[in-house]
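Engineer: Dropping a prediction and its sequence here:
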Amino acid sequence: MTNTKIALAPTVTLANGVELPRIGLGTWPMNDAEAAVCVARAIQLGYRHVDTAEAYGNEAGVGEGVRTSGVARNEIFVTSKFQKKWHSVAGVRAACEASLKRLGLEHIDLYLIHWPNPDQNRYVEAFQGLVEVLKAGLVRSIGVSNFKPAHLQKLFDAGFVPHVNQIQIDPYRRRDDVAALDAAKGIVTESWSPIDRAGPMLSEPAVRAAAEGHGRTQAQIVLRWHVEHGYVPVPKSSDPTRQAQNLNVFDFALTAAERAALDALDRPDPHMFDSDVFGH
Ligand SMILES: NC(=O)c1ccc[n+]([C@@H]2O[C@H](COP(=O)([O-])OP(=O)(O)OC[C@H]3O[C@@H](n4cnc5c(N)ncnc54)[C@H](OP(=O)(O)O)[C@@H]3O)[C@@H](O)[C@H]2O)c1
């Protein structure tokens, strides 16, 4: 147990009343052994939200970290996601039961369709499967990941509105179209790779200047940008110092000019996975 004391992140209320902590710990590409250690330590530092997926192959480690953290299970929010082979009502139930078994937990707090896989065209059926596991009490909230407006529209047309849409979004990839549609429908946008995997974005002059101005790290500036846009970032770090820094962004605010300077980093055609062609 560390002596560092960090305030818990505030929460945002999902459309069904469930409280989602506004920063989570990403766990890809940790393996089970690393996840068990890093998740337990992150929770002891103050994290109350952990992001995993069937595809990461680390649900057992994440569950172990949650169970050994010393913090009550009902104070921790665990997200997982399922693969495209489960895109059917019965498939989602089977995927969810298998995920719970690997995690060693009684329920998942947020369960997501990992990628829409429009070529397979079964994500509406998969969402019906999510509704069923929600009704059965296996999960507390449901959503999607990597859904673009056209994918979301097909869900809306079928009468479904996810609680969350987890997408790649950051100052280089503003994606205002997806974010605006999420907001209009009461869907919380989560950001994956929120600090662009510590790539060149963190060294942009606008990010450096704000970091110097506030006496914060460049990653903290970018994470604060997510929070101020109303997004819920899930930065991954295996390092306790960086984990602590990444969580500690709720006690300062960007100026309007700093935020505008980060907004202006948006690129017309950024490198990113296109969920119309990529998925698993
Ligand atoms: N839904 C999806 O399709 C999808 C896709 C990709 C990822 N995700 C989720 O999103 C999470 C985060 O995305 P990501 O891991 O791709 O990228 P990220 O969180 O933007 O960046 C993680 C990288 O940045 C480093 N880092 C972390 N904090 C730092 C800091 N304060 N200063 C400098 N470097 C720092 C980490 O190294 P250290 O560990 O050494 O600190 C790691 O190499 C994943 O772990 C996963 O849970 C979801």
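Structural biologist: Yep, it's here.

Engineer: all helices of the stretch 101-250 of the chain, in order?
Structural biologist: Secondary structure of the stretch 101-250 of the chain (DSSP state H, counting those that start in this stretch): helices at 123-135, 149-157, 176-184, 205-214, 218-228, 240-247.

Engineer: Report the inter-axis angle for the third one versus helix 149-157.
Structural biologist: Spelled out, that is helix 176-184. 20 degrees (axes from the mean of the first three to the mean of the last three C-alpha atoms, to 10 degrees).

Engineer: ok, now the first one?
Structural biologist: Here helix 123-135 runs at 60 degrees with respect to helix 149-157, directions being taken by the same axes, to 10 degrees.

Engineer: again with the last one
Structural biologist: Angular relation of helix 240-247 and helix 149-157 on a 0 to 180 degree scale: 60 degrees, by the same axes, to 10 degrees.

Engineer: pLDDT averaged over helix 240-247, what's the number?
Structural biologist: Model confidence over helix 240-247, given as mean pLDDT, is 98.

Engineer: Show me what counts as buried in it.
Structural biologist: 242-247 (16 or more other C-beta atoms under 10 Å). (C-beta placed from N, C-alpha, C; glycine too.)

Engineer: now the first one
Structural biologist: Neighbour-count burial for helix 123-135 flags 123-130, 132-134 (criterion: 16+ other C-beta under 10 Å).

Engineer: Quick one: distance of it to the chain centre.
Structural biologist: 19 Å (C-alpha atoms, centre = their mean, to the nearest Å).

Engineer: try the last one
Structural biologist: Its chain's average C-alpha position is 16 Å from that of helix 240-247, according to C-alpha atoms, centre = their mean.

Engineer: Likewise for the second one?
Structural biologist: Chain-centre distance of helix 149-157: 20 Å, with C-alpha atoms, centre = their mean.

Engineer: what sits against the residue of the chain found nearest the ligand?
Structural biologist: Nearest residue of the chain to the ligand: residue 26, at 2.4 Å (C-beta to the nearest ligand atom). Taking C-beta atoms under 8 Å, 6 or more residues apart in numbering, we find residue 26 in contact with 51, 192, 234-237.

Engineer: would JSON lines of the buried residues of helix 123-135 with pLDDT be doable?
Structural biologist: Listed next are the buried residues of helix 123-135 as JSON lines, based on pLDDT from 0 to 100:
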{"residue": "123", "pLDDT": "98"}
{"residue": "124", "pLDDT": "98"}
{"residue": "125", "pLDDT": "98"}
{"residue": "126", "pLDDT": "98"}
{"residue": "127", "pLDDT": "99"}
{"residue": "128", "pLDDT": "98"}
{"residue": "129", "pLDDT": "98"}
{"residue": "130", "pLDDT": "99"}
{"residue": "132", "pLDDT": "98"}
{"residue": "133", "pLDDT": "98"}
{"residue": "134", "pLDDT": "98"}
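
Engineer: Tell me the one of those residues nearest residue 109?
Structural biologist: Of all these, residue 109 sits closest to residue 134, with 11.3 Å by C-beta to C-beta.

Engineer: For the spatially closest residue to that closest one that is not a sequence neighbour, the count of nearby residues, please.
Structural biologist: The shortest distance from residue 134 to any residue other than its chain neighbours is 5.1 Å, reached at residue 142 (C-beta to C-beta, 6 or more residues apart in numbering). Number of residues near residue 142 (other C-beta atoms under 10 Å) recorded here: 25.

Engineer: Which pLDDT value does the model give residue 142?
Structural biologist: On the pLDDT scale, residue 142 gets 99.

Engineer: so it touches residue 165, yeah?
Structural biologist: No. Look at residue 142 against residue 165 with C-beta atoms under 8 Å: they stay out of range, at 11.3 Å.

Engineer: how about the residues of the stretch 151-280 of the chain that lie near the ligand?
Structural biologist: 166, 192-198, 217, 219, 234-239, 242, 245-246 (C-beta under 6 Å from any ligand atom).

Engineer: same thing but 8 Å
Structural biologist: Proximity of the stretch 151-280 of the chain to the ligand is confined to 166-168, 170, 191-198, 202, 217-220, 233-239, 242-243, 245-246, 273 under the rule C-beta under 8 Å from any ligand atom.
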